[in-house]
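> Okay, sequence plus prediction incoming.
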Amino acid sequence: MSKGKSAPSFPLERVRNIGIAAHVDAGKTTLTERVLFYTGASHKIGEVHHGNTTMDWQAEEQEHGITITAAVTKCPWKDHLIQIVDTPGHVDFTIEVERSMRVLDGAVIVMDGVRGVEPQTETVWRQANKFAVPRVVFINKMDKPGADFDRALESIRKRLGETPVPVCVPIIDEKVVLHLIEEKAYTFSGDKGENVEVRELAPHEADMVAEYREAMLLTLGDFDEDLADKVLMEEDISEEEIWSVLRRLTRDGRVRPAFSGSALRNWGVQPLLDALLKLMPSPLERPASRGERADGEFEQVEMDDEGDLVALAFKVQLFDGRRHVFARIYRGTLEPGTEVLLAGRDMKERVARVFDVSANKKTRIDSARAGQIVVLAGLRHATTGDTLCAPDHPILLERIDAREPVLGLAIEPESSKDEDKMLEVLGKVTEEDPTLRFEEDQDTGQRILKGMGELHLQISFERIQREFGLKLNVGKPRVMHRESIANRATATGSVDRVIESNAGRFELKAAVTVDVKPLGRGEGVQLTCEPSWQPGDLEPSAEQAEAVRQGASDALTGGPLQGAQLEDVAVTVKMVETFEGAATPQALRIAASTAVRDALKSAGGLLLQPIMKVEVVVPDENTGGVLGDLQSRGAVILGHEAEAGTTSITAECGLTALLGYTTELRSQTRGHGQFTMEFARFDAQ
């Protein structure tokens, strides 16, 4: 760690906070390594297959050859500062993409030139849509056999429902990209593609550019009448005018500019960097964030160094076993020693140190200001999604949602003397990763660690052993189920008892009638508590009304079959019967809870398991066998499509039947099959 340095100061209008996201193995970390090298932020190019990349710094990332945790770095480019977040591509680590998109101003979505849009591409696209992040597309791996730029663009239209606008078109055999706006050819030479030559178009290149450029201008003209008129009148259109229209439409999310090249072969990256400066917004150009004040009113938080501090903690990470918090500052400045309020939690903490960060390298800085992404030390309680604000100006920004884990494993320490250490370590890692959950099974007494999939849990155990020296015994995978009900039912719960104690004799007597019915998948649990009260002239007290609601809620903590979390159930409290002074809040709570439990049981429990959306890519000759195997696992085949010697199969299947499927697929296809899955919903199967 460096000390006492100040980060290079760039005015906010020349700062770009950019995320790089993609389906696993599309080449985003390889692209990031080239960006760092060409901008001078790194003096070497690391390769994923060599395990020596700057951004994949964790031992598990280097060993498995995948990105696990989002890494932040900075690089200068043509009098601008680009702050880059390299995110994971594997769906098990999707929380890293979610919380990164929450704080970014723009994104580069990397796609495989052969495969185009893939399942995790769709996932990261939805996450970018959720936070209205402007983005461009880099069609990578154009050197691979079967790569097709036009087909990749069509997959964007078809699978994402978006409008791609080509800007840099590849000539694959010549390692050239043709710039449609500048009407120039870019060539790349040198050992690492560091020498870029911009030259005039050759005749065959000019013909190609003319065709693509006309299509590009017509597409932009669909959204801009002035440009459309000039295109139809065949008037000259300046580069700046095209950039201006494209910039506006990109930032509004109307079109998605597309670039191309091969990061591994070192071509096509520099034009992308130039375009990021032109097309992506600075922090000042993003819409103001909306925060809720303590009085319930909403306030627009403008990106400004002045004003009361507002920052969002979007990630907790352990560096050398010490807790650090990643934060994006939205307003004000932050210095070491600043006291901050955790909005909505009525808790104050003091920031001990502020760091700039590049992957796992920290540099202490004297202050941070609006627009920056920094790392904070000294915060013991701040966690993912917390708003850090000035104590005398409480304000709460939109939180970051974490997905529910779907797979659990029973764990115990290898040595009984490590019991306390295990609890301490698991407390740290689950705080760092909100999609990891640790709990104790009330029936068996087993400790269960839950995660997003087999790889997620495997990586977690490897980290626990490496970072904390703790070895765990791990049981068989256990799929996390939910429960619902099959039918509608009504039940009345009652209580009629006398309690005698030293304080006297008390009578508890009440009856509550409820109705339950199943809802559609994904609708959650709904409780309506507006009953009629008997006798009819009764005016219940606030305590009595709350007791009925609380009793009904008590019974909704678990389903009627296994006590698993309930999903997709509507409960309506219809009637409450009271008996003079015997209908105490305690009596009403017991009666309401009994009524709901009896109604759920009468309605018939329904066990729901995680249903996964699956895509399997296999050589054509293995298609029949793989389809048969999937169907034998209860999968519903949604479709399959043959292209360039491979077949892509999409299906839905219960998670239980997919445990260990990766190994089975490799065996069936001699190692050539690829398998990805993503949680779709909880459902019966």
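Received the coordinates, thanks. Residues are numbered from 1 along each chain as shown.

> Would you map the helices across the stretch 251-400 of the chain?
269-279 (DSSP state H, counting those that start in this stretch).

> could you pull out the strands for it?
256-260, 289-293, 298-301, 310-319, 322-331, 333-334, 339-342, 347-350, 353-358, 361-365, 368-369, 373-377, 387-389, 395-396 (DSSP state E, counting those that start in this stretch).

> Just the C-alphas of the fifth one, formatted as PDB.
It stands for strand 322-331. Coordinates of each C-alpha in strand 322-331 appear next as PDB, following Å, rounded to 0.1, in the frame of the first residue of the first chain:
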ATOM      1  CA  ARG A 322      -9.200  -6.300   7.200                       C
ATOM      2  CA  ARG A 323     -12.600  -4.900   6.400                       C
ATOM      3  CA  HIS A 324     -12.900  -2.300   3.700                       C
ATOM      4  CA  VAL A 325     -15.900  -0.700   2.100                       C
ATOM      5  CA  PHE A 326     -16.200   0.400  -1.500                       C
ATOM      6  CA  ALA A 327     -18.200   3.600  -1.900                       C
ATOM      7  CA  ARG A 328     -19.400   5.900  -4.700                       C
ATOM      8  CA  ILE A 329     -19.600   9.600  -3.600                       C
ATOM      9  CA  TYR A 330     -22.600  11.400  -5.000                       C
ATOM     10  CA  ARG A 331     -22.300  14.700  -3.200                       C
END
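
> Centre of the chain to it, how far?
18 Å (Cα atoms, centre = their mean, to the nearest Å).

> right, so the strands of the stretch 251-400 of the chain: which one is the most enclosed?
Across these, averaging neighbours per residue (mean count of other Cβ atoms under 10 Å) puts strand 387-389 on top, at a mean of 27. Heads up, the C-betas are built off the backbone N, CA and C, glycines and all.

> Can you list the strands that that strand pairs with?
Within its sheet, and counting by DSSP bridges, strand 387-389 is paired with strand 310-319 (antiparallel), strand 339-342 (antiparallel).

> How about the contacts made by residue 368?
Neighbour list for residue 368: 329, 333, 334, 335, 354, 374 [criterion: Cβ atoms under 8 Å, 6 or more residues apart in numbering].

> So the closest residue to it other than its chain neighbours versus residue 399, what's the distance?
Sequence neighbours aside, residue 374 is the residue nearest to residue 368 in space, at 4.4 Å (criterion: Cβ to Cβ, 6 or more residues apart in numbering). Computed with Cβ to Cβ, to the nearest Å, the distance linking residue 374 and residue 399 is 20 Å.

> so who does residue 637 touch?
With contacts defined as Cβ under 8 Å, 6+ apart, residue 637 is in contact with 627, 630, 631, 649, 650, 651.

> Quick one, grab the pLDDT at the residue most central in space within the chain.
Nearest to the mean C-alpha position of the chain, by Cα atoms, centre = their mean, lies residue 98 at 2.4 Å. Per-residue confidence (pLDDT) for residue 98: 81.

> quick one: it is in a strand?
No: counting by DSSP: H, G, I helix; E, B strand; the rest coil, residue 98 falls outside a strand, being helix.

> That one against residue 399, yeah?
No: counting by Cβ atoms under 8 Å, residue 98 stays clear of residue 399, with 11.2 Å between them.

> show me where pLDDT drops low in the stretch 501-650 of the chain?
Applying pLDDT under 70 to the stretch 501-650 of the chain flags residues 501-504, 537, 644.

> An error on my part: the question was meant for the stretch 301-450 of the chain.
359-360, 442-445.

> how about 80 then?
Applying pLDDT under 80 to the stretch 301-450 of the chain flags the ranges 318-321, 357-362, 399-404, 406, 432, 434, 440-446.

> Which ones among the contacts of residue 637 map onto helices?
Among the contacts of residue 637, DSSP state H puts 627, 630, 631 in helices.

> Buried among the residues you listed? Make that a PyMOL selection.
To isolate the buried ones among the ones in helices among the contacts of residue 637 in PyMOL, judged by 16 or more other Cβ atoms under 10 Å, type:
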select buried, resi 627+630
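
> Distance to residue 406 for the ones in helices among the contacts of residue 637 - can I get that in a markdown table?
Below are the ones in helices among the contacts of residue 637 laid out as a markdown table (distance: Cβ to Cβ, whole Å):
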| residue | distance to residue 406 |
| --- | --- |
| 627 | 25 |
| 630 | 19 |
| 631 | 22 |
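
> Quick one: list the elements packing against the host helix or strand of residue 198.
Per DSSP states H and E: residue 198 is located in strand 195-199. Packed against strand 195-199 by the contact rule (3 or more Cβ pairs under 8 Å, 6 or more residues apart in numbering; DSSP states H and E) you find strand 184-189.

> Let me see the backbone angles for residue 305.
For residue 305, the backbone dihedrals (degrees, to the nearest 10) come out as phi -70, psi -30.

> shouldn't it be in contact with residue 372?
No: Residue 305 is beyond contact range of residue 372, at 10.1 Å (criterion: Cβ under 8 Å).

> re the thing from before, could I get the strands paired with strand 387-389 in JSON lines, plus columns for distance to residue 193?
Shown next, in JSON lines, are the strands paired with strand 387-389 (distance: least, Cβ to Cβ, whole Å):
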{"stretch": "strand 310-319", "distance to residue 193": "32"}
{"stretch": "strand 339-342", "distance to residue 193": "44"}
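
> Minimum distance to residue 293: which of those has it?
Across the strands paired with strand 387-389, residue 293 has its closest neighbour in strand 310-319 (11.0 Å, Cβ to Cβ).

> next one: the closest one to chain centre, how far?
How far strand 310-319 lies from its chain's middle: 15 Å, per Cα atoms, centre = their mean.
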